[in-house]
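1. Build me a model:
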Amino acid sequence: MLASAPALAQSSSSNITGEGVAGETIVVDGPDNGFHREIKIKKDGKFSIRRVPTGAYTVLRVPPDGGTPKAQTIYLQVGSTAKIQ
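-> Take a look at the predicted model:
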């Protein structure tokens, strides 16, 4: 009998990680693909957003006091992880 090997799926997504101030909100927008995610940074200051489709994104860091957000543009490729500064 022949056994077939399981098919391994290739990931077509990426990840975003970083550190910040507890209470900050990270907003990720992909205007070309409609992706939108908002997360609030916890006490340890670390965050991770998984399974983000590839493409260009605007990342906003919104301070806990609602002050002026800092914007950054990132480009995600298949299987990559972008670290937000």
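2. Who is the residue nearest the centre of the chain paired with across the strands?
-> Residue closest to the mean C-alpha point of the chain, counted by C-alpha atoms, centre = their mean, is residue 16 at 3.2 Å. Bridge pairing for residue 16 (DSSP bridges) gives the partners residue 49, residue 82.
3. swap in residue 36?
-> Following DSSP bridges, residue 36 is listed with bridge partners residue 29.
4. That one touches residue 49, doesn't it?
-> No. Taking contacts as C-beta atoms under 8 Å, residue 36 lies outside contact range of residue 49: 11.0 Å. (Each C-beta comes from the backbone N, C-alpha and C, glycine too.)
5. what residues do these two have in common as contacts?
-> Residues touching both residue 36 and residue 49 (C-beta atoms under 8 Å, 6 or more residues apart in numbering): residue 28.
6. Contact partners for the residue nearest to the centre of the chain?
-> Residues in contact with residue 16 (C-beta under 8 Å, 6+ apart) are 28, 48, 49, 52, 57, 59, 74, 76, 81, 82, 84.
7. Of these, which count as buried by neighbour count?
-> Among the contacts of residue 16, those classed as buried by 16 or more other C-beta atoms under 10 Å are 28, 49, 52, 57, 59, 74, 76, 82, 84.
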